[in-house]
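Asks: pasting the sequence and the predicted model now:
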Amino acid sequence: MPSSSVLGRSIDTIYGNLKGLKPSQLKQLRRLYHQRLPGDCLTTPEFAQRLASVSVAVDEPVCAYLNRRGQVIRVGVGPPHKTQFSPRELPRYGAERLSGIRCVATQLKHGDRPPNTATLTALVMQRLDALVLLSVSDRGFERRGGGATGYVSAAHVAHLISDRVDTIDDTPLSNRSAASSQQPAETAVEEANSPVTGTTILSSLSLEELDTWDFVDFVGGLEEEFRREFVARQVEGNREQVLLVGIQTDEVSNLEFSERMEELGRLVDTAGGDVIETILQRRSRAHPQTVIGSGKVQDLALAAQRLGANLIVFDRDLSPVQARNVETATGVRAVDRTEVILDIFAQRARSGEGKLQVELAQLEYQLPRLVGRGQAMSRLGGGIGTRGPGETKLETERRAIQRRIAKLQRDVNQLQAHRSRLRERRQKQDLPVVAIIGYTNAGKSTLINALTNAEAYAADQLFATLDPTTRRLTDIDPVTHKPLQIILVDTVGFIQNLPPPLVDAFRATLEEVTDADALLHVVDLSHPAWVHQIDAVNAILETMDVVPGPSLLTFNKIDAVSSDALDQAKIDYPEAAFIAARDRLGLKTLRQRLLNFTQQN
């Protein structure tokens, strides 16, 4: 069976809409595969006229895709956006390279019109060397021996342009390429405005003018510009280039949606990516196949190609089918919010127990997403007694993951038992235990360092620490002058819609919260969404099996807010404590309140 890959030419496969075509018409289309153009020609008048006659014969637009050796590698019936290569079929070149493929297409019954948005989108998504659109009339050309008639009345050429093109020689790349290809000086080339960013259209060209172009020099000039732009991007940094995609449904307010997207951007930054663009959509519910719908997926693919994105991050969980469909349509890896959080946890895990819990969470997330990998996940048996469908690779991989999950769960149970023994030992000492909880990046680790001179890792990052830190806080009772001691436990930060795999995997850590005598709830007062963060933390606490003890609300980072905001918070929460842990403001009062709080409760 002939291959449809661009690496090996297909010699008889016709793509697109073949309904109603006669065998003789299909034969004419297949004969196009036997055509070969000179390597330095964009197209020749003879090939263009033959393509036009075939197009008139089938009464449909026809597309011929050629490689740089001038060989026809794909023939399709329909416009370019209906006959294009899928992202997985194209060569995996970098952002500084074109695909090495050009498209010569016809248009019927539309007059001399430039390429529309859909056609230019196909150009960008495939990173074609060029796209030649031939306006075909049904009169004026007749093949010898009779048959279909048709001739090319005019042509349009569209190609990609670099963002840096205006900064070099003050001359558009299309004009410089045309000039360098020995185009006659008296020929006027009209450059039309393109509806798609990153493309340009040359109009009012004849076949003779196209025949004079030096295609090798033309493509070389294009790729040289892309190469310069790509090197400039590399100098700026080698982090992943990320497109954020957000879906606002009817039940989500504008403020909540804005806060959620801002938090997703911070998560991506913490994971090591740079957000280059955010694409938002409002709809009643997520599309079951692509989350955002087929039209928006095309816009997403276009943005990914135009900006050089290598990762797409959605603000909600993706089903395996949704992730696969988006990746197929865009050619770019698609992940959801949970995967970003899991990646951050994998980077932050330093201790053995932290790595254990992260691996368990990753495997539990991965297991239901093995389905849908196609033929790569199947395997046939061989030999006597083993012939037949046998056991699929999917089943063997799923069973291996299930065995690993079972082992990790046993290890987590042992970790739970170990932490339980530590808590029992602390209880025998009759020392009250206070768990420091709060939204991620609220300043919990900074606070425990300031109160106890601990050396826990603290940074202005989401989920900077995963492993609980236990320290003893000692002070003198101002009345009895006796030493008072409490145990402070720093826990993993919370986040709204905490992924269920993380809740299950980190149950050994979260039990430090449920078994504490009291909670110290730290809130970042400088964060614009601190009210929603309080609600998110309280919502997670309500889902725990054991009801935690009393909570002391503590507002941190008061040095980063205005006096009006601070006064309003004091009015709304008169029982709360107000501190700046980094600058050690209010810590003496907080320490005394903690000691009094634990004695009273």
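Replies: Thanks, I have it.

Asks: how near is the residue lying closest to Leu408 once chain neighbours are set aside to Asp564?
Replies: Spatial nearest neighbour of Leu408, excluding adjacent residues (C-beta to C-beta, 6 or more residues apart in numbering): Leu360 at 4.1 Å. (Glycine included, C-beta is placed from N, CA and C.) Distance of Leu360 to Asp564, computed by C-beta to C-beta, to the nearest Å: 46 Å.

Asks: likewise for Ala456?
Replies: From Ala456 to Asp564 the distance is 33 Å (C-beta to C-beta).

Asks: what distance separates the helix or strand encompassing Gly354 from the centre of its chain?
Replies: Taking DSSP states H and E as the definition, one finds Gly354 inside helix 352-366. From the chain centre to the centre of helix 352-366 is a distance of 22 Å (C-alpha atoms, centre = their mean, to the nearest Å).

Asks: relative to helix 352-366, how tilted is the helix or strand just after it?
Replies: Using DSSP H and E, the helix or strand that follows helix 352-366 in sequence is helix 393-428. Angle, helix 393-428 to helix 352-366, by axes from the mean of the first three to the mean of the last three C-alpha atoms, to 10 degrees: 140 degrees.

Asks: contacts for whichever helix or strand comes after helix 393-428 next, please.
Replies: Downstream of helix 393-428, the first helix or strand assigned by DSSP H and E is strand 433-438. When contacts are defined by C-beta atoms under 8 Å, 6 or more residues apart in numbering, strand 433-438 is touched by residues 423, 426, 444, 447-448, 486-491, 493-494, 512-513, 515-524, 533, 537, 541, 548, 551, 594, 598.

Asks: what's the local residue count around Glu208?
Replies: Counted by other C-beta atoms under 10 Å, the residues lying close to Glu208 total 10.

Asks: would you check that it makes contact with Pro45?
Replies: Yes - checked against C-beta atoms under 8 Å, the pair Glu208 and Pro45 is within contact range at 6.7 Å.

Asks: more neighbours, Leu360 and Asp564?
Replies: Leu360 (22 against 8).

Asks: pretty sure the more buried one sits against Ile405.
Replies: Yes - applying C-beta under 8 Å as the test, Leu360 and Ile405 come out as touching, 6.6 Å apart.

Asks: now the helix or strand harbouring Leu243: average pLDDT?
Replies: Under the criterion of DSSP H and E, Leu243 resides in strand 240-248. Across strand 240-248, pLDDT averages out at 91.

Asks: what pairs with that strand, parallel or antiparallel?
Replies: Taking DSSP bridges as the criterion, strand 240-248 forms sheet pairs with strand 273-282 (parallel), strand 311-314 (parallel).

Asks: which of those strands sits most buried?
Replies: With neighbours taken as mean count of other C-beta atoms under 10 Å, the strands paired with strand 240-248 reach their highest mean count in strand 311-314, at a mean of 24.

Asks: how about the CA coordinates for stretch 78-97, as CSV?
Replies: The C-alpha coordinates for stretch 78-97 follow below in CSV (Å, rounded to 0.1, in the frame of the first residue of the first chain):
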residue,chain,number,x,y,z
GLY,A,78,-10.8,20.5,-2.8
PRO,A,79,-9.3,23.8,-1.4
PRO,A,80,-6.0,23.7,0.5
HIS,A,81,-7.6,23.7,4.0
LYS,A,82,-9.5,20.5,3.0
THR,A,83,-6.5,18.6,1.5
GLN,A,84,-3.7,19.7,3.8
PHE,A,85,-1.2,17.4,5.6
SER,A,86,-1.9,16.7,9.3
PRO,A,87,0.7,18.0,11.7
ARG,A,88,1.9,14.4,12.4
GLU,A,89,2.6,13.8,8.7
LEU,A,90,4.8,16.9,8.3
PRO,A,91,8.6,16.8,8.9
ARG,A,92,9.5,17.9,12.4
TYR,A,93,11.6,20.9,11.6
GLY,A,94,12.3,23.7,14.1
ALA,A,95,10.8,27.2,14.0
GLU,A,96,13.6,28.4,11.8
ARG,A,97,12.7,26.0,9.0
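
Asks: give the buried residues for that stretch.
Replies: 78-85, 87, 89-90, 95-96 (16 or more other C-beta atoms under 10 Å).

Asks: next one: that stretch to chain centre, how far?
Replies: Here stretch 78-97 is found 19 Å from its chain centre; the criterion is C-alpha atoms, centre = their mean.
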